[in-house]
Every structure is written in C-alpha cells, then in structure tokens.
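Student: just need the structure, nothing else, for what follows:
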Amino acid sequence: MHFSGPIPPPEILSKYNDAVPNGAERILAMAESQSQHRQALEKKVVDSNCRAQRNGTVFGFLLCLAAIGSGTFLIYIGKSAAGLVPIIGALGALAGVFIYGKREQKKDLQRKGDAIIAPGSPQGV
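Tutor: Below you'll find the predicted structure:
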C-alpha cells in the first residue's frame with residue numbers, strides 16, 4: 001500500500017496498534033513533534049530574514065545620509081563640484097536599488113503566479 005503525508009490512513013494506523021502497543025499514538029506523536037519542529041525552524045528563518053531586511057534598510061539609510069551629509073559639508077566649504085558627487089551618487093544609488101527591487105518583486109510575483117496556474121489548466125488557458 002502507498003500513501004502520502006506524515007501519517008498513514010486510519011485503516012493502516014489501527015493495524016499498528018495490533019503490532020505495537022500504542023503504535024498509532026506513537027506515530028501521531030511523532031508526526032506532531034516533527035510538525036512543531038518544522039514550524040519552529042520556519043519561524044526562525046522568517047524572523048532572521050525580517051531582521052536582515054530591516055538591518056539592510058537601516059544601514060543603507062545611514063550610508064546615504066552620511067554621503068549626503070559629506071556632500072553638503074563639501075558644498076558648504078566651497079567645493080561645490082566635489083560636494084555634488086556624493087549627493088548625486090547617493091540619490092542615484094537609492095533610485096537604482098528601488099527600481100531593481102520593484103523589478104525583482106514583479107518577477108517573483110509573476111513566477112509565483114505561473115506556479116499556481118499550471119499551463120493547460122482551465123485557469124491557465
């Protein structure tokens with residue numbers, strides 16, 4: 001017999017009780033334990049990704065703020081050409097990251113949409 005999923009069908013599960021005392025209960029406990037373990041790992045990954053994304057945003061903001069501040073200082077002391085370079089560079093980098101992020105987000109949504117609607121299915125036609 002063949003099945004998919006973490007636990008066997010009830011007919012097979014009841015036969016485990018015949019072979020091993022409390023066999024069905026032990027199988028269910030094992031499936032629950034594995035599910036809790038998997039969910040805990042997924043939570044750690046999601047939390048870590050959120051933290052990394054937040055830190056990247058904060059550090060990027062601080063870096064751009066420092067570049068704009070140094071450019072403003074250079075303009076203030078009379079080096080206008082040298083002061084415009086970090087300001088324009090920082091603003092250009094911010095715009096580039098924003099455009100790239102939006103483009104990747106759109107591609108990712110498209111890939112996910114293509115994976116949900118399989119070609120040849122009634123919704124995919």
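Student: what strand or helix carries the residue nearest in space to the middle of the chain?
Tutor: Against the mean C-alpha coordinate of the chain, by CA atoms, centre = their mean, the closest residue is residue 49 at 6.0 Å. According to DSSP states H and E, residue 49 maps onto helix 23-76.
Student: quick one, grab the pLDDT at the residue of the chain positioned farthest from its centre.
Tutor: Relative to the centre of the chain, the most outlying C-alpha is that of residue 78, 45.8 Å out, by CA atoms, centre = their mean. Looking at residue 78, its pLDDT reads 88.
Student: check residue 107 too.
Tutor: pLDDT, residue 107: 90.
Student: ok, now residue 123?
Tutor: 54.
Student: how about residue 48?
Tutor: pLDDT, residue 48: 95.
Student: sorry, back to before: so whatever helix or strand comes next after the helix holding residue 49 versus helix 23-76, what angle?
Tutor: Next along the chain after helix 23-76, taking DSSP H and E as the criterion, comes helix 80-116. Interaxial angle of helix 80-116 relative to helix 23-76 (axes from the mean of the first three to the mean of the last three CA atoms, to 10 degrees): 160 degrees.
Student: packing partners of helix 80-116?
Tutor: helix 23-76 (3 or more CB pairs under 8 Å, 6 or more residues apart in numbering; DSSP states H and E). All C-beta atoms are positioned from the backbone trio N, CA, C, and that covers glycine.
Student: what packs against the helix it packs on?
Tutor: helix 10-19, helix 80-116.
Student: can you list the buried residues in the first one?
Tutor: Neighbour-count burial for helix 10-19, with 16 or more other CB atoms under 10 Å as criterion, is recorded at residue 16.
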